[in-house]
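K.L.:
here is my input, please return the structure:
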Amino acid sequence: MNTIIRNKGFMYLLIGQGLSELGDWVPFVAFNFLIYNMTGSGFLVTGIFIAKTVSNLVFTPLLGTYIDVWNRKKIMVFCNILRGGLVLTTPFVMTLPALSQSYTLAYLYFVIAAVEATSMLYSLAQSAFIPDIVPKGSLINANSLLSMGSDAIFILGPLIAGVASIFMDVRNAIIFGSFLIFLSGAIISLIATPTSKPSENEADAHSFKEDFLEGFRFMKKKKTVMLIAIISLIIMMGGGAVNALFFVYIEEILRAGTFGYGLLNASLGVGFLVGSMLMNFVGKRLRLDIVFMTGVFLMALAPILWGEITAVSFVILVAVMNGIGNNLFSIARQTVVQTVVQNELRGRVFTLIQFVVSISSIISMGLAGWLSDTGIGVKGIFIIVGLFELVALLPCVLLSINFSKKARMLGSKLMRVSFIFGCVVLGSQLSSSS
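P.N.:
A predicted model of the protein is given here:
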């Protein structure tokens, strides 16, 4: 830990990430206020999420090659300059008298989509950049500290952004958000450029298609990375469904309303933070395979428990547990990829995994919406989702090259016990609904 704290380049990255993410939250909340006040339509507010999702899906596959052939620090600085500039234009465009409401709304969606694309590029470049400034033995601590920073912003960001939008007015809040993003870029620019970095001339030697396929071929050959991608796909096939139906679950099953939705999201944020702290303290004491598998198990168990027990206090505890599992899984996954993938392919591999996650999440959201109208009910869907996510324990066990015998035995036992428990719960749920 002391080694990381004394690493000036990493501390610049940590502070820059915090400012960048807070700078994203402020305009995001302000845009929600702005679009709703402009149109009075809840449906048009959801256009923000559609713009972000489509942007992720379209641009993510295109980013990996450039992360591997360009200077990653310059990519992060450029992304913050571009994002800050895009956000800064919105208050001034809104005051143009010649623009109708529909054109103003279209421009806001464009800015949201463009900011999301550059945010994704920044995030992927950062993931690939961390091993350039952090020694291999300190990657777990570095990833944990960065995750802790993100979790703190996840909890406090909406509150700070909401207060800024109210007391500074929406226009000034947006300008404040762009200032934070610019400041993040300035701080990241202070990081000493690593001596080992991707060659900027490599882009001339290969076509984009060849570079992209090279990353895909590496994933196919590298058993560890391919299984991690498969596990991520399975987990997000379930996670997307839970995200899509979570508000319905809170409203129809818990009857907790908007306050309950905020409370459970805050509980999830607390779980994220606890998971990051646990990873920071136990990451070097436990094998990554066991941590990875524990995270998968906790994430799979959460929707099963939500589907069976609906006392609000219990649901809050399960939300914390789910957040802990999520960060154990994600930090372990990122550390493994950073460790086993060589520098010149790291950006492409992170991009491909993110693309898999985005695709599976969108598919599962659609399936969840369809299943919710078939009579199964939200609780039944949650239990099915949990059982499906437990399947991810099988590829966890198959990571035999890196997993110890103890971890393989643990995974097998968790899978058998959890699957039997889930089937019993699902059976009781179906019998009670019939």
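K.L.:
other SSEs contacting whichever strand or helix holds residue 383?
P.N.:
When elements are assigned from DSSP states H and E, residue 383 belongs to helix 377-390. With contacts defined as 3 or more C-beta pairs under 8 Å, 6 or more residues apart in numbering; DSSP states H and E, helix 377-390 has these neighbours: helix 223-248, helix 288-308, helix 346-372, helix 405-433. C-beta coordinates here come from the backbone N, C-alpha and C atoms, glycine included.
K.L.:
residue 386: which of the ones you listed is closest?
P.N.:
For the helices and strands packed on helix 377-390, proximity to residue 386 was assessed by C-beta to C-beta; helix 288-308 is nearest, at 3.5 Å.
K.L.:
who touches residue 27 in this structure?
P.N.:
Taking C-beta atoms under 8 Å, 6 or more residues apart in numbering, we find residue 27 in contact with 87, 90, 115, 173, 174, 177, 178.
K.L.:
let me see the confidence value for it.
P.N.:
pLDDT recorded at residue 27 is 84.
K.L.:
against residue 394, how distant is it?
P.N.:
As for residue 27, its distance to residue 394 is 42 Å (criterion: C-beta to C-beta, to the nearest Å).
K.L.:
how about low-confidence regions in the stretch 301-434 of the chain?
P.N.:
By pLDDT under 70, the weakly predicted segments of the stretch 301-434 of the chain are 373, 397-434.
K.L.:
same thing with the stretch 51-200 of the chain?
P.N.:
Across the stretch 51-200 of the chain, residues meeting the criterion (pLDDT under 70) sit at 98-99, 194-200.
K.L.:
which stretches in it count as helices?
P.N.:
72-94, 101-133, 139-167, 169-188 (DSSP state H, counting those that start in this stretch).
K.L.:
got the domain ranges for this structure?
P.N.:
1-191, 207-434 (automatic domain parsing).
K.L.:
what about the spatially closest residue to residue 68 that is not a sequence neighbour, how many residues nearby?
P.N.:
Excluding the flanking residues, the one nearest residue 68 by C-beta to C-beta, 6 or more residues apart in numbering is residue 347, at 4.1 Å. Counted with other C-beta atoms under 10 Å, the neighbours of residue 347 add up to 29.
K.L.:
how about residue 293?
P.N.:
Neighbours around residue 293, by other C-beta under 10 Å: 27.
K.L.:
of the helices and strands packed on helix 377-390, flag the one that's most buried.
P.N.:
Ranked by mean neighbour count under mean count of other C-beta atoms under 10 Å, the helices and strands packed on helix 377-390 are led by helix 288-308, which reaches a mean of 24.
K.L.:
same for it, what does it pack against?
P.N.:
Helix 288-308 packs on helix 223-248, helix 257-282, helix 312-340, helix 377-390, helix 393-398, helix 405-433, going by 3+ C-beta pairs under 8 Å, 6+ apart.
K.L.:
any idea of the mean pLDDT for stretch 257-274?
P.N.:
For stretch 257-274, the mean pLDDT works out to 81.
K.L.:
brain fart, stretch 222-239
P.N.:
87.
K.L.:
ok, and what's touching that stretch?
P.N.:
218-220, 296, 299-300, 303, 329, 333, 336-337, 340-341, 349, 352-353, 356-357, 360-361, 363-364, 385-386, 388-389, 391-392, 395-396, 398-399, 401-402.
K.L.:
residue 342: how many residues sit nearby?
P.N.:
Around residue 342 there are 11 other residues, counting by other C-beta under 10 Å.
K.L.:
just residue 53 next, same as before
P.N.:
16.
K.L.:
show me the contacts for the residue nearest to it when sequence neighbours are not counted.
P.N.:
Leaving aside its chain neighbours, residue 53 sits nearest to residue 362 (6.5 Å; criterion: C-beta to C-beta, 6+ apart). Shown in contact with residue 362 (C-beta under 8 Å, 6+ apart): 53, 57, 240.
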